[in-house]
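**Student:** Return atomic coordinates for the entry below.
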Amino acid sequence: MKGDLIIKERNKSIDSLRFIAAICIVFLHYSSFNGLFGVFIKEISRFAVPFFFAVSGFFLTKKLIVNNSPKVYFYFIKKLVILSFLWNCIYVFCYAFIRFSNTWSFVFLDLGYIKSSFVGVLRGDASFHLWFFTSLYLTAFLYFLIGVKRIKFLLIIAVSLYVYGVIGRGYRYSAIGILVPFNTRDYIFFSSLPFFLGAFISLKKRNIGIKVSVLVFCIGFFLHLLERYLLKTFYRLDFSDYFFSTFLMGVGGLLVALNRPKFLESKRLSSLGKYSLGMYALHVIVFTFTRVFMEHITHEENRFVNLFVTIIVTIVIIKILYKIKYLQNVVKHLL
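**Tutor:** The predicted structure is shown next:
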């Protein structure tokens, strides 16, 4: 059956969509497009992080089907903890070289900043996007505690966490919102549901057709846009965030990729999938330093140019790092 092949073979479509998702994250963070097109680009890019969570749950479960051992969980968690710690240290060190007053500028190494940021390294939030690693290893730890055989119970927990996360963040200033003393994005509130849905899909070993898969993605995107519109109309909350339907885009993306559509089966595009983690981790540094550099040259900020320069430079840096023989062991852990 085709569904069985999905579990056994490497999926080029997933690799291709990983790279596309990494590009979308750069657009999500730094897109400067205006009007309806700008809203479209930013909101459709919201599929990327839930997609990465769903893919992680899918492939971890794929390994657990073969070997349901604590070692599988701990290897996965250990790798993420190391990634989180190393990238948080890298960002603290890089931010110690730049400061923002009226504009961004380079400074000498600020040892005081490094010292004061140590707690941020331990929390995993030395940079705003590194929450992904913390959320992922905490979700994997929850998976270990409850176990793959109780996936339906995990889904119930995940739905509860997701709803709490949404009303404590995207809906916090609405009639159903609650104010919480922490950022619900930074823990397992938004990661658990797509992660365990990805795990559930992996366990079922069945292929959902391309039409239904695309429909899941489109419904998620439409409802996400509708939620944003209603929040803006009734509560004047005009911002992009995680809403109740956002996770559907990520899960829909995984379902589409499992069907191996021709437009995602490109060998060249799928070969770029291995750069997706590096792009996610590195793009904020590249954009920040590109912005400082461009402002010193042009004396003004052009986010549109910086956006595309960031994508190109990030890919080039990662490719170079992969080719340096003496850095391969380091690159293997970081990227």
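**Student:** hey, where'd the strands end up in this protein?
**Tutor:** 98-100, 104-106 (DSSP state E).
**Student:** In the protein, where is pLDDT below threshold?
**Tutor:** For the chain, the stretches with pLDDT under 70 are 1-9, 98-113, 115, 298-301, 325-335.
**Student:** Let me see the contact set for Ser276.
**Tutor:** For Ser276, the contact set (C-beta atoms under 8 Å, 6 or more residues apart in numbering) comprises Arg18, Phe19, Ala21, Ala22, Phe52. C-beta coordinates here come from the backbone N, C-alpha and C atoms, glycine included.
**Student:** burial of the fourth one, as a residue count?
**Tutor:** Burial of Ala22, expressed as a neighbour count using other C-beta atoms under 10 Å, amounts to 25.
**Student:** what sits against it?
**Tutor:** Ala48, Tyr275, Ser276, Leu277, Met279, Tyr280, His283.
**Student:** roughly how far apart are it and Met279?
**Tutor:** 4 Å (C-beta to C-beta, to the nearest Å).
**Student:** If you drop the residues flanking it in sequence, what lies closest to Leu248?
**Tutor:** Leaving aside its chain neighbours, Leu248 sits nearest to Gly220 (2.7 Å; criterion: C-beta to C-beta, 6 or more residues apart in numbering).
**Student:** surely that neighbour meets Ser245?
**Tutor:** Yes: if you go by C-beta atoms under 8 Å, Gly220 and Ser245 touch, sitting 5.2 Å apart.
**Student:** what about the two, which has more around it?
**Tutor:** Applying other C-beta under 10 Å to Gly220 and Ser245 shows that Gly220 carries more neighbours, namely 23 against 17.
**Student:** returning to that earlier point: let me see the contact set for the residue nearest to Leu248.
**Tutor:** Gly220 makes contact with Phe47, Ser245, Thr246, Phe247, Leu248, Met249, Gly250, Val251, Gly252, according to C-beta under 8 Å, 6+ apart.
**Student:** what's the neighbour count on the third one?
**Tutor:** Neighbour count of Thr246, defined by other C-beta under 10 Å: 27.
**Student:** Spit out the contact partners of the residue nearest to the spatial centre of the chain.
**Tutor:** Centrality entry for the chain: nearest residue to the mean C-alpha point is Val49, 3.1 Å, by C-alpha atoms, centre = their mean. Residues near Val49 by C-beta under 8 Å, 6+ apart: Ala21, Ile25, Phe132, Phe190, Gly250.
**Student:** Pull up the gap between it and Leu321, please.
**Tutor:** Distance of Val49 to Leu321, computed by C-beta to C-beta: 23 Å.
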